[in-house]
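Trainee: Need coordinates for the below:
(one chain, ligands or ions: 1)
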Amino acid sequence: MKVAVVKESGPGERRVALVPEMIARLRSAGLDVLVESGAGDGAWFADSTYAEAGATVVSREELLAGADLVLTVGRPDEQILDGLRSGQAILGMLNPLADPGLAATLAARGVTAISLDGLPRTLSRAQGMDALSSQANVAGYKAALLGAATFGRFFPMLTTAAGTARPAKVLILGTGVAGLQAIGTARRLGAVVSAYDVRPQTKTEVQSLGGTFIELTSVSSAAGEGGYARALTDEERHAQQAELAAHIARHDVVITTAQVPGRKPPLLITEDALKAMSAGSVVVDMGSGPLGGNVAGSVPDQTIVTGNGVTIIGAGNLAATVPGASSAFLARNISALVLHMVADGALTIDPTDEIQAGVVITHDGAVIQPATAALLAEASHGADTSGGATP
Ligand code: NAD
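Mentor: Residues are numbered from 1 along each chain as shown. Predicted coordinates for the structure are as follows:
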């Protein structure tokens, strides 16, 4: 079986799905590894390092012709999609809940789609495959650094002959994997850190990292399924935004990380809350992306400054900006999943396996992952009843 690593082409994407260090592990399971020329360039892994590790460096055409399993970081580009044929498989962060159309396309072509985002994350044997966590860790770290580098003052308290600087007050909104890493990093830089999440069970984790947990009186627990948050009702959302605004105004740097799987990120910082912040404050919006963000007016991958001097950084894909570390983690996650799914040198699809039931999105021409299939059925039903064409 040939496993093939493509060169990413998404905007700002510098990660690669496999690093040279992982090749020996795949080869010892009887797999051959093809690497598209230049695939590791963005993360400083030269073609020669892949070749030395035992991979064959090929052109994209050779890769698509020879691959049994294509490894990608994010959504494959149109050229790859057009080049895939029935019987091939693709594995990456395909985000089927946000992009179910991609799953439908791959199913129609007879391609098996395997997405790391569907992994059952609370299963202990799957932890080494958890790319959402590994990438959120990298991103949370970078968010704190970005906040510190953009803020025009110090994070730590500094006493010098020229005077004493007070420590920065940093607020983290959303304390999942990325938020907790941002707390730890901001604390190591010497900031005074507060944090809030709609899942009150994160309080002890925040405190163990030296942060102060903010409890809101207007919103009760919004813990949903699988350790994730549920979406708030409109009433809850407005109450939360209003109560948070007073806390936000007291902080120098705010990092937002809130997500609800498969939905638009919740708006946590409104225009009014931004207006109440002091000039020189910094907001890093890690929820920023094509569906929206956690901060009013934030623009994905752009930095803007409001009229009252607040810098807002649209930072939805920070893991890609630390490409060496994030690719090394991702490659370990991907290799662990590939090895889990390979038996006797071949990919073995078994939807009765708990891990595979989450990650295998399409197989044998159909969308088989229930959550994605339900989304597509809903979309097609909506299109039928509105008289539009079904996808
Ligand atoms: P995520 O990226 O889905 O969301 C980030 C955070 O935003 C979450 O903590 C969520 O509660 C919070 N959030 C959502 N809506 C909000 C709102 N309106 N206001 C404030 N906060 C809001 O989360 P994640 O980092 O992927 O982690 C999700 C869960 O999965 C966590 O419980 C985490 O501990 C769990 N997890 C468990 C394991 C494991 O058991 N091995 C591994 C990884 C993650």
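Trainee: Report the beta-bridge partners for residue 305.
Mentor: Here residue 305 sits in beta bridges with residue 311, going by DSSP bridges.
Trainee: Tell me how many other residues surround it.
Mentor: Neighbour count for residue 305, taken as other Cβ atoms under 10 Å: 11. Glycine gets a C-beta too; all of them are placed from N, C-alpha and C.
Trainee: How about the stretch 151-300 of the chain: which residue is closest to the ligand?
Mentor: residue 176 (2.2 Å; Cβ to the nearest ligand atom).
Trainee: all strands of the stretch 101-250 of the chain, in order?
Mentor: Residue ranges of the strands in the stretch 101-250 of the chain, as given by DSSP state E, counting those that start in this stretch, are 112-115, 158-160, 163-165, 169-173, 192-196, 212-213.
Trainee: Need those in a markdown table (columns: mean pLDDT).
Mentor: Converted to a markdown table, these look like this (pLDDT from 0 to 100):
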| stretch | mean pLDDT |
| --- | --- |
| strand 112-115 | 98 |
| strand 158-160 | 97 |
| strand 163-165 | 97 |
| strand 169-173 | 98 |
| strand 192-196 | 98 |
| strand 212-213 | 98 |
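Trainee: circling back: name all residues that make contact with the residue of the stretch 151-300 of the chain closest to the ligand.
Mentor: Under the criterion of Cβ atoms under 8 Å, 6 or more residues apart in numbering, the contact partners of residue 176 comprise 136, 197, 202, 257, 259.
Trainee: Including neighbour count and pLDDT, could the residues you listed go into TSV?
Mentor: Formatted as TSV, the entries for those read as follows, by neighbours: other Cβ atoms under 10 Å; pLDDT from 0 to 100:
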residue	neighbour count	pLDDT
136	23	98
197	25	96
202	21	95
257	29	98
259	22	86
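Trainee: Narrow those residues to those in helices?
Mentor: Among the contacts of residue 176, the members falling in helices are residue 136 (criterion: DSSP state H).
Trainee: Could you find the closest non-adjacent residue to residue 1?
Mentor: Nearest non-adjacent residue to residue 1, counting by Cβ to Cβ, 6 or more residues apart in numbering: residue 68, 4.7 Å away.
Trainee: Residue numbers of the chain in contact with the ligand?
Mentor: Residues of the chain lying close to the ligand (Cβ under 6 Å from any ligand atom) are 121-122, 127, 130, 132-133, 136, 173-179, 197-199, 202, 227-229, 232, 257-261, 266, 268.
Trainee: For ChimeraX, what selects the buried ones among those residues?
Mentor: If you want just the buried ones from those in ChimeraX, going by 16 or more other Cβ atoms under 10 Å, the selection is:
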select :121,130,132,133,136,173,174,175,176,177,178,179,197,198,199,202,229,232,257,258,259,260,261,266,268
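Trainee: Okay, now the unreliable bits of this structure?
Mentor: Residues of the chain that meet the criterion pLDDT under 70 lie in 383-391.
Trainee: What count of nearby residues applies to the residue nearest to residue 1?
Mentor: 17.
Trainee: Renumber starting at 736 from here on
Mentor: Yep, numbering from 736; the last one is residue 803 now.
Trainee: how much space between it and residue 1083?
Mentor: Residue 803 sits 12 Å away from residue 1083, taking Cβ to Cβ, to the nearest Å as the criterion.
Trainee: And for residue 843?
Mentor: In this view, residue 843 and residue 1083 are 23 Å apart by Cβ to Cβ.
Trainee: More neighbours: which of these two?
Mentor: In this comparison of residue 843 against residue 1083, neighbours counted by other Cβ under 10 Å, the higher total goes to residue 843 at 14 against 11.
Trainee: check contacts around the more buried one.
Mentor: Contact criterion Cβ under 8 Å, 6+ apart gives residue 1100 as the residues in contact with residue 843.
Trainee: same thing with residue 1008?
Mentor: Contacts here follow Cβ under 8 Å, 6+ apart; on that basis residue 1008 touches 976, 979-980, 983-984, 1031.
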